[in-house]
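# Prediction below, plus the sequence it came from.
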Amino acid sequence: MHHLFFRFLAACLTTGTAFCASQSFDLTISAGRHERNNVPVRVPISRGQIGNERIASVMLSRDDGQSVPAQWTGPSLTSSAPGEVHFILPHLAAGESLHLKGTLSTQAKRAEGFMWRDQSGHHTDLVLGDRKIVTYHYERLDESTPASRVRTYKVFHHVFSPNGDRIVTGGLNEDPKVHSPHHRGIFYGFNRITYGDGKRADTWHCIDGAFQQHERFLASEQGPVLARQRALISWHGKDAAFAEEERELTVYNVPGGHLIEFASRLRSTAGLVRLDGDPQHAGFQFRVHNDVDVYTTNQTIFVRPDGLGKPGEARNWDPQTRMGPVDMPWNAMSFVLGEKRYTVAYLDRPENPKEARFSERDYGRFGSYFQYTIDKDKPLTVDYRLWLQDGLMKPQQVAALSANFVEPVKVTMMD
């Protein structure tokens, strides 16, 4: 026992820390008015709570001593805290609360979970064990041939099925029969952008010299609770870059499907930049594999706050009449790919710009867009969630996901 103590003491002295393996705190998690099931919980940790220490790991336990898988990360895009504690809350009934004890440590601990596997300069895969979850395609613009330009003029994320056996999103397909190949996986852009002295750009179709380009990775996290990656992406018109985006994707380790959070902060590098578009080619959108368009469009069902739609029925905001779905808190699309039905839920936040104009297509694309003007001192920040699972979801299931996102559990922390 003595040699273990001296090894522990030596580690503390080497790192120069005051507490080394123990900085304790207490958490009370309150469900509020909603029942909670498999909810990611994020606890921002202030500078005053950690001082100048370099935290490497965290341990959480219940009052009965049962450990709770937890992960320490740096700050997320939308956080001002120097660090965060994350865990998944399996269940908490409405009105109930849970007490947890936590310990921050400067010592890293080995933990199984998500891993990023980078193919430098081309793409990076997120895996959980041997199962692929998402792929970020970030090859830089290649204008050596028309085909290479189309392949590389935008960055995007592919999503795999919940069991990892196939890609469920569309993109990077040179088949001329592919419907709207500019719609790719998880994507964010606008087809009617004005900047500078009336110059125009389209970062959706990426025509007339426009494109989006990955510049570098800004942060990366992996572990048992979540994986997160943040990239700097430049938005270009025909002559030059007019904006820079920090794009962050977070995937949570919850059972039953993929829970993906997409956050972005877009800053102008060219004075006023007006973002505009139409419901089909702007904003934050999700596009499924082209096989849906080829084989199963008549089986696509949209799940909305007012209930299940009819197979093949879609609703779209109309720019001419200015009528149609706007400001929905959530929407979901259920589609058949191969022999299997999936549902992807799209969760908006009240803080995202409004009016949010929604678009649905039975071939497997949906999302919303808005109009916004950014300036050097007025960036645009958005935050969305996606949930992908097997089978047809019911409206109340999607509503519960939305409540977890926009009305999160209340966390009270005491040192």
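All right, it came through fine. Numbering: from 1, shown residues only.

# is it true that N316 touches D278?
No - here N316 does not reach D278: they are 9.6 Å apart, not a contact under Cβ atoms under 8 Å. (C-beta placed from N, C-alpha, C; glycine too.)

# all strands in the stretch 51-200 of the chain, in order from the N-terminus.
Using DSSP state E, counting those that start in this stretch, the strands of the stretch 51-200 of the chain run over 57-62, 67-68, 70-73, 83-92, 97-105, 114-119, 123-128, 131-137, 156-159, 186-190, 192-195, 199-201.

# list the buried ones in the last one?
Read it as strand 199-201. Within strand 199-201, the residues that qualify as buried are A201, counting by 16 or more other Cβ atoms under 10 Å.

# Sheet partners, orientation included, of that strand?
strand 192-195 (antiparallel) (DSSP bridges).

# what number of residues lie near the nearest residue to T73 once chain neighbours are set aside?
Spatial nearest neighbour of T73, chain neighbours left out: E221 (4.6 Å); criterion: Cβ to Cβ, 6 or more residues apart in numbering. Residues near E221, counting by other Cβ atoms under 10 Å, number 20.

# E221 bridge partners, please.
Beta bridges link E221 to R228 when assigned by DSSP bridges.

# now swap in Q212 and tell me
Assessed by DSSP bridges, Q212 has beta-bridge partners W235.

# ok, how many other residues are close to it?
Residues near Q212, counting by other Cβ under 10 Å: 25.

# Now do it against V134, distance only.
According to Cβ to Cβ, to the nearest Å, Q212 and V134 sit 18 Å apart.

# and what of H205?
Distance, H205 to V134, using Cβ to Cβ: 24 Å.

# who has more neighbours, the two?
Using other Cβ under 10 Å as the criterion, H205 and V134 rank with V134 on top: 23 against 16.

# isn't Y384 right next to Y346, touching?
Yes - Y384 is in contact with Y346 according to Cβ under 8 Å; the separation is 7.1 Å.

# got the residue ranges for the helices in the stretch 251-400 of the chain?
291-295, 395-406 (DSSP state H, counting those that start in this stretch).

# returning to that earlier point: turn the strands of the stretch 51-200 of the chain into TSV, columns for distance to F284.
Listed next are these as TSV, based on distance: least, Cβ to Cβ, whole Å:
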stretch	distance to F284
strand 57-62	31
strand 67-68	32
strand 70-73	23
strand 83-92	23
strand 97-105	33
strand 114-119	23
strand 123-128	19
strand 131-137	15
strand 156-159	12
strand 186-190	5
strand 192-195	15
strand 199-201	18
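
# Okay, and the beta partners of M413?
L27.

# I'd guessed it sits against I29; true?
No - with contact defined as Cβ under 8 Å, M413 does not reach I29; the gap is 10.1 Å.

# Could you check which of those two is surrounded by more residues?
More crowded of M413 and I29, by other Cβ under 10 Å: I29, with 21 against 16.

# how close does V159 get to L386?
V159 is 8 Å from L386, by Cβ to Cβ.

# just I260 next, same as before
For I260, the distance to L386 (Cβ to Cβ) stands at 5 Å.

# and what of L259?
To L386, L259 is 8 Å away according to Cβ to Cβ.

# For the two, list the residues in contact with both.
Shared contacts of L259 and L386 (Cβ atoms under 8 Å, 6 or more residues apart in numbering): none.

# first to last residue in stretch 87-98, what's the distance?
By Cα to Cα, to the nearest Å, the extent of stretch 87-98 from end to end equals 13 Å.

# How about stretch 362-374?
Terminal residues of stretch 362-374 are spaced 33 Å apart (Cα to Cα).

# Could you give the average pLDDT over that stretch?
For stretch 362-374, the mean pLDDT works out to 97.

# so what's the nearest residue to V225 once chain neighbours are set aside up against?
With Cβ to Cβ, 6+ apart as the criterion, V225 has its nearest non-adjacent residue at 3.9 Å, and that residue is Q71. Q71 sits next to V58, V85, H86, F87, A111, G113, E221, G223, P224, V225, L226 when contact means Cβ under 8 Å, 6+ apart.

# Which pLDDT value goes with the closest residue to R365 other than its chain neighbours?
Excluding the flanking residues, the one nearest R365 by Cβ to Cβ, 6+ apart is R287, at 4.4 Å. With respect to pLDDT, R287 has a value of 97.

# check contacts around R287.
Counted by Cβ under 8 Å, 6+ apart, R287 has contacts T169, G170, G171, S180, H183, R184, G185, F187, G364, R365.

# just G367 next, same as before
G283, F284, Q285, F286, Y346, F358, S359.

# Next: P395.
By Cβ under 8 Å, 6+ apart, P395 lies in contact with V303, R304, P305, D306, G307, L308.

# In CSV, list those along with distance to E245.
Converted to CSV, those look like this (distance: Cβ to Cβ, whole Å):
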residue, distance to E245
V303, 30
R304, 30
P305, 30
D306, 34
G307, 36
L308, 35
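
# From what I see, the residue nearest to T73 and E248 are in contact.
No - here E221 lies out of contact with E248, judged by Cβ under 8 Å, at a distance of 10.1 Å.

# Mutual contacts of these two, please.
Contact criterion Cβ under 8 Å, 6+ apart; residues bridging E221 and E248 by contacting each: R228, Q229.

# Find the nearest non-adjacent residue to H258, please.
Among residues not flanking H258 along the chain, L388 sits closest, at 4.5 Å (Cβ to Cβ, 6+ apart).

# Who is that neighbour paired with across the strands?
Going by DSSP bridges, L388 forms beta bridges with H258, V344.

# can you count the residues close to it?
Applying other Cβ under 10 Å, we find 22 other residues in the vicinity of L388.

# what sits against it?
V159, S161, P162, V168, G257, H258, I260, Y342, T343, V344, A345.

# hang on, isn't the third one packed against L259?
Okay, so that is P162. No - between P162 and L259 there is no contact under Cβ under 8 Å: 10.7 Å.

# Comparing the two, which residue is more hemmed in?
L259 (26 against 19).
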